[in-house]
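In: how does the following fold in three dimensions:
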Amino acid sequence: MYSQLIYFLVALVLFTLQQPGARPLLPLSATIAAAALFFLLYALICRFFLQRLQRSSRLVSHSNLSHQYHRLQNRLSILALAFVAIYIYILNIKFYLQVIPGLAESLTISGITGIGLFLMHLALIWFWSHPLYRQIYHSDISLTAFLRAHIAFVSAILIPWLLISTASDLLQIAKLPAFLTGDLGQFVLLGSMLLVFVLFAPWLVIRLWGCKPLPPDYKREELESFCRQNNFRVGGFMLWPLFGDEMLTAGVIGILPRWRYILITKGLMSLLDTDELKAVVAHEMGHVRRLHVFIYLIFFIGYSVLAYSFHDVIFLSLLRNELFLQWATAADSVQLTLFSIVYTTPILLLLLLYFRYIFGFFMRNSERQADLYALGLLGSPSTLISSLQKIAFHSGQIEDLPSWHHFSIRQRIDFLVRSYRQPVLIRSHDRKLYGSILLFFALIIGFSFLGFQLQNTRAVKQWKLQIQTEMLEKQIQRTSADPELYAAYAGLLLDSQRYETALSLLIKAVAMAPKNATVLNNLAWLYATAPAPYFDPGKALKLALEAAALESQPYILDTLAEAYYANNRYQEAHAAIQKALAKEPQNRDYFLKQLEKFERAARTEKAGVK
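Out: You can find the predicted model right below:
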């Protein structure tokens, strides 16, 4: 499941970050034909390698066959991502997919489209691996049930993402308090949505998975009694319908006792005796008692904060290169795609490093801590060890199967035995894990703080201004009759104190669009704030009033207030900025500073009159 999490995250990043440009690479018919050929090629690759492994099954041991099966599935999944990247970055299929309503505006719709491309390839892996799965696990599961089970399994990843992404989209169009529109507010919203999902979504997830309560037999009674004896409340013990009856696994979902469920597959219920099942349940209790879900939640938020804090710095660093800037501002899809590849690469590397290696380290050690909790609760490792041995044997003798998020079963058993003989290892492992968590979170906070501080340095702000100016210059060269481009370019020139050039551009833009509120507003701002000889309060107020009559956006009312201020009409400036604040602008702190400036000027004027 956790490998699939990384794969889906990569698919999301690949699809979301690519910019399709204004023109396609190939005509629609050629794009469809090429995509179909690549899809057929991938299907043939899956068929070839999975059937070849099945034919060679008689020549290898059962454990080696199981190991090769899992390894091949992972490699084909990675290859699927490569094919998805070809559709997106080479064929530029996203250009034609823009006909899907909301694709450009909604992260949910865009994400569903990208994940859909990846799922189409995963379905080919599942289809061709069905006969091999039946052979390895001595299963009689039908192809339909096998495919349905895979879809149910990946839904554990897709359902949380879908709910959170949809909520995020809805919040973007909702009218939020000003605090929640800033950087900190956005992270508060993200954390709140994740927490709400972790707390309340289990009730929904077990129904979507088709989980049913365990049958009321002696095993269920013993497990419920075991939980009561250890003061561990659950909403219920549920059968987890994964891959028919043969999947051997268990899990816990939920934190709140009423919506906390322990999930056990039918295969595991049949394989283990009551004491071994208690050991499995004790392991799942360890995850809850050691707060692993909250730790994982903070890890996800930490990644978002870290990625966001360095996003602008990475982006601007790339655009400082003349070649990359040329690619980013080009009209044709080839150069835009080249820039998308360059831009996406460091983001993907950060994602893989964070989740595959750093998060993987903490997950492996959290699993080990849950084992040790079960050892402490049971007093002996024997039943937990016997349950692990049975699972390994009946899953294809996978004692040494490597995993980035679990220690191998042999490693788990060896550590349990050593910890039973040397209890000091339990405390040592707890100190190691919690110390590593504290150190890592301190590093995350430090690096994130550094990233945000870099964004606010004079050098980075100068990079941003310079790059924005160059990008607009290139756009103006291609589209010389767009007055709003002139207005935006002039605004950047004002920030660079290039007043004369900005004035000539804005005068030209006003001549082109005398009723354009943005153009009028920007020229009014120049007259109201520029030094002599460009400072002209009378013209500033005239233009600002015209702009405000056309539109009453907060930034236009701010210019009107500044024009009143330039004309020493402080009460009217105060009233205008209050109207702007009433519209709840995103950069509320700036407007509050403007309000304070006008109030101070009004008080000074009043004191002078007295």
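
In: this protein: strands as residue ranges?
Out: All strands of the chain, identified by DSSP state E, fall at 212-213, 236-239, 250-253, 261-264.

In: which one of these lies nearest to Leu353?
Out: Of all the strands of the chain, it is strand 250-253 that lies closest to Leu353, at 26.4 Å by CB to CB. Using the backbone N, CA and C atoms, a C-beta is placed for each residue, glycine as well.

In: if we can go back for a sec, for the strands of the chain, which one sits closest to Leu545?
Out: Comparing the strands of the chain by CB to CB, strand 250-253 comes nearest, at 60.5 Å.

In: tell me the domain ranges of the chain?
Out: The chain breaks down by automatic domain parsing into domains covering 1-174, 479-609.

In: any idea which of those domains gets closest to Val424?
Out: Of all the domains of the chain, domain 1-174 comes closest under CB to CB, at 30.3 Å.

In: among the strands of the chain, which comes closest to Ala532?
Out: Of all those, strand 250-253 comes closest under CB to CB, at 68.7 Å.

In: mind checking pLDDT for Leu375?
Out: We have a pLDDT of 96 for Leu375.

In: tell me how many other residues crowd the residue lying closest to it once chain neighbours are set aside.
Out: With sequence-adjacent residues excluded and distances taken as CB to CB, 6 or more residues apart in numbering, Leu375 is closest to Pro381, at 5.2 Å. Using other CB atoms under 10 Å, Pro381 has 23 neighbouring residues.

In: from Ala282, how far out is Pro381?
Out: 11 Å (CB to CB, to the nearest Å).

In: and Asp430, by the same measure?
Out: Relative to Ala282, Asp430 is positioned 16 Å away (CB to CB).

In: same deal with Tyr489?
Out: Distance, Tyr489 to Ala282, using CB to CB: 66 Å.

In: try Phe441
Out: Here the criterion is CB to CB. By it, Phe441 lies 28 Å from Ala282.

In: higher neighbour count, the two?
Out: Applying other CB under 10 Å to Phe441 and Ala282 shows that Ala282 carries more neighbours, namely 24 against 14.

In: in the chain, where is pLDDT below threshold?
Out: Low-confidence segments of the chain (pLDDT under 70): 1-2, 62-63, 172-187, 190, 243-246, 331, 396-397, 402, 477-481, 608-610.

In: follow-up on the earlier one: wouldn't the residue nearest to Leu375 be in contact with Phe415 here?
Out: No: between Pro381 and Phe415 there is no contact under CB atoms under 8 Å: 9.5 Å.

In: burial check on His311, number of neighbours?
Out: Close neighbours of His311, defined as other CB under 10 Å, add up to 14.

In: out of everything not next to it in sequence, what's closest to Arg233?
Out: Residue nearest to Arg233 in three dimensions, not counting chain neighbours: Pro257, with 3.6 Å by CB to CB, 6+ apart.

In: ok, that neighbour - how many residues close by?
Out: Neighbour count of Pro257, defined by other CB under 10 Å: 11.

In: now swap in Arg233 and tell me
Out: 10.

In: ramachandran angles for it?
Out: Phi and psi for Arg233, reported as degrees, to the nearest 10, are phi -90, psi 140.

In: that one contacts Cys227, correct?
Out: Yes: between Arg233 and Cys227 a contact is recorded at 7.1 Å, counting by CB under 8 Å.

In: between the two, what contacts are shared?
Out: When CB atoms under 8 Å, 6 or more residues apart in numbering defines a contact, no residue borders Arg233 and Cys227 alike.

In: thinking again about what came up before, who's in contact with the residue nearest to Leu375?
Out: Neighbours of Pro381 in contact, by CB under 8 Å, 6+ apart: 375, 413, 416-417, 419-420.

In: repeat that for 10 Å
Out: When contacts are counted by CB atoms under 10 Å, 6 or more residues apart in numbering, Pro381 touches 279, 371-372, 374-375, 388, 412-413, 415-421.

In: write the PyMOL selection for whichever of these are buried.
Out: Those of the contacts of Pro381 that count as buried under 16 or more other CB atoms under 10 Å are selected in PyMOL with:
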select buried, resi 279+371+372+374+375+388+412+413+415+416+419+420
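
In: pick the one among the contacts of Pro381 closest to Gln18.
Out: In terms of CB to CB, no member of those lies closer to Gln18 than Arg412, at 41.2 Å.

In: if I look at the closest one, how far off is Leu401?
Out: From Arg412 across to Leu401, the span is 12 Å (CB to CB).

In: just Ala528 next, same as before
Out: Taking CB to CB, one finds Ala528 at 70 Å from Leu401.

In: what about those two, which has more around it?
Out: Applying other CB under 10 Å to Ala528 and Leu401 shows that Ala528 carries more neighbours, namely 24 against 18.

In: where along the stretch 351-500 of the chain do the helices fall?
Out: 360-378, 382-394, 409-421, 424-455, 458-478, 483-495, 499-512 (DSSP state H, counting those that start in this stretch).
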